[in-house]
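Chemist: Quick one, what's the 3D model for this:
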Amino acid sequence: MSIEAAAQSYRRSVGTTSNFSNDASFSDPSLTPAQQATLDLIRLPADERITHKSTLRAQILLELEKETVNLVDQIDEPLWISKRQLQAVTSCEALYEAQQVELFEWKLPMTRGQIFHKCVELSIHLSPPRAAPELVDEAVVSLINRGDGLANFLTDLSDVERAELRSDVASLLQTFFDTFPPLRPAWTPTTELPRKVLLHRGQIILQGRFDLTVGQPNELTAGRVLLELKTGRAVSHHLDDLRFYALLETLVVGVPPALLASFYVDAGTVQVETVDEDLLRSAIRRTGDSIRRLLQLRLKEVQPERRPSGSCRWCPIAGDCQPGQSWLEEAAGGGAW
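Modeler: Modelled structure (predicted):
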């Protein structure tokens, strides 16, 4: 299917008014088989959605504060925690510490992802709908108008680099159009939804920003789906990131999301997980353990652990890291995934 044809298909499908959270019918003749398959995975039937206790938010907050109360005395200023900090102590701590002192530099793969996410946001809000190349152009203009580091990076690209990036993101967007169900207004899709939770009167601040949400809770019955749109391959921490987001959603809204989903755009595949109280309590334990470890690193009580992975390819200290060099040599020989 061409990019323009995919966009036209989106226009036709978006015009329908099915409600994401409450519609019992899963079959939609306007969808491609791939879109229907994705929809079947990211939308739970009404009889499978969990109705939670009205006291759940208070219980989860109490448990999270109990998990972290012994850490408060070590904090001399508000400690901001996002998924990036939590990833640091489950991946390479040496890389995390290096990133605290190294100046951040935009790279083409990260820029590709940023443009794609902006395209998805624009596809929801712009009327009339645009074809993929038009969305890419408007997304780039919007990002340049921000005047930040990414804007400078985009402005400094050569004509050839800009053309290749435009083509790459337009192709990625076509894959999204072909494999993800159209984001209908009745589904209340929201992009870049911020969440913030204060613990211990603001001494610890948990924050996140959800790529995409669809659906709504029905009183105490879960109905919202939290989605991360990934423009790379599957990584083990992606579901952990979403579990942290489920914790934030529960503490802000009072009702957990129904599902967590990582949608891998390049492959057109999705990984999903149902949210229950066991998952939330697992996220509480991981969050508490990670904050404890981050404070140990900040106070120099422990040495950062080096855990080689694909991040070694762009790590600023890889040249001085023996485990990283060994991993890169093995990867070059085809022995590493």
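
Chemist: is it true that F263 touches A234?
Modeler: No - when contacts are counted by Cβ atoms under 8 Å, F263 is not listed as touching A234 (10.6 Å). Just so you know, the C-beta spots here come from the backbone N, C-alpha and C atoms, and that holds for glycine as well.

Chemist: Which one's more surrounded, these two?
Modeler: The neighbour count for F263 versus A234, taken as other Cβ atoms under 10 Å, is higher for F263 (23 against 12).

Chemist: That one sits in which helix or strand?
Modeler: Element membership for F263 (DSSP states H and E) is strand 259-264.

Chemist: Can you tell me what sits against that strand?
Modeler: Counting contacts by Cβ atoms under 8 Å, 6 or more residues apart in numbering, the residues outside strand 259-264 that touch it are 38, 41-44, 180, 225-230, 232-234, 238-239, 242-243, 245-246, 269-275.

Chemist: go on, stretch 49-60?
Modeler: Applying Cβ under 8 Å, 6+ apart, the external contacts of stretch 49-60 come out as 220-223, 247, 250-251, 253-256, 258, 274-277, 280, 284.

Chemist: Tell me which strands the strand holding F263 pairs with, and in which orientation.
Modeler: Applying DSSP bridges to the sheet, strand 259-264 is found paired with strand 225-230 (parallel), strand 269-274 (antiparallel).

Chemist: can you give me how far that strand is from the chain middle?
Modeler: Here the centre of mass of C-alpha atoms in strand 259-264, compared against the chain's by Cα atoms, centre = their mean, to the nearest Å, lies 9 Å away.

Chemist: And stretch 150-169, by the same measure?
Modeler: The gap between where stretch 150-169 is centred and where its chain is centred comes out at 23 Å by Cα atoms, centre = their mean.

Chemist: In this protein, mark out all the strands, start to finish.
Modeler: With DSSP state E as the definition, the chain shows strands at residue ranges 79-81, 190-199, 204-214, 225-230, 259-264, 269-274.

Chemist: Format those as CSV; extra columns: distance to F153 and mean pLDDT.
Modeler: Compiled in CSV, those are given as follows (distance: least, Cβ to Cβ, whole Å; pLDDT from 0 to 100):
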stretch, distance to F153, mean pLDDT
strand 79-81, 25, 94
strand 190-199, 20, 97
strand 204-214, 20, 97
strand 225-230, 21, 96
strand 259-264, 25, 96
strand 269-274, 29, 95
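
Chemist: can you pull out the helices in the protein?
Modeler: Secondary structure of the chain (DSSP state H): helices located at 3-14, 33-42, 56-68, 83-88, 93-101, 108-125, 132-144, 149-156, 159-179, 237-253, 277-298, 322-332.

Chemist: Mind listing residues that contact the shortest one?
Modeler: Around helix 83-88, the neighbours that count as contacts under Cβ under 8 Å, 6+ apart are 95-96, 208, 237, 240-241, 244-245, 286-287, 290, 294.

Chemist: So the nearest residue to E63 once chain neighbours are set aside versus L199, what's the distance?
Modeler: The shortest distance from E63 to any residue that is not its chain neighbour, by Cβ to Cβ, 6 or more residues apart in numbering, is 5.5 Å, and that residue is I284. Taking Cβ to Cβ, to the nearest Å as the measure, I284 falls 11 Å from L199.
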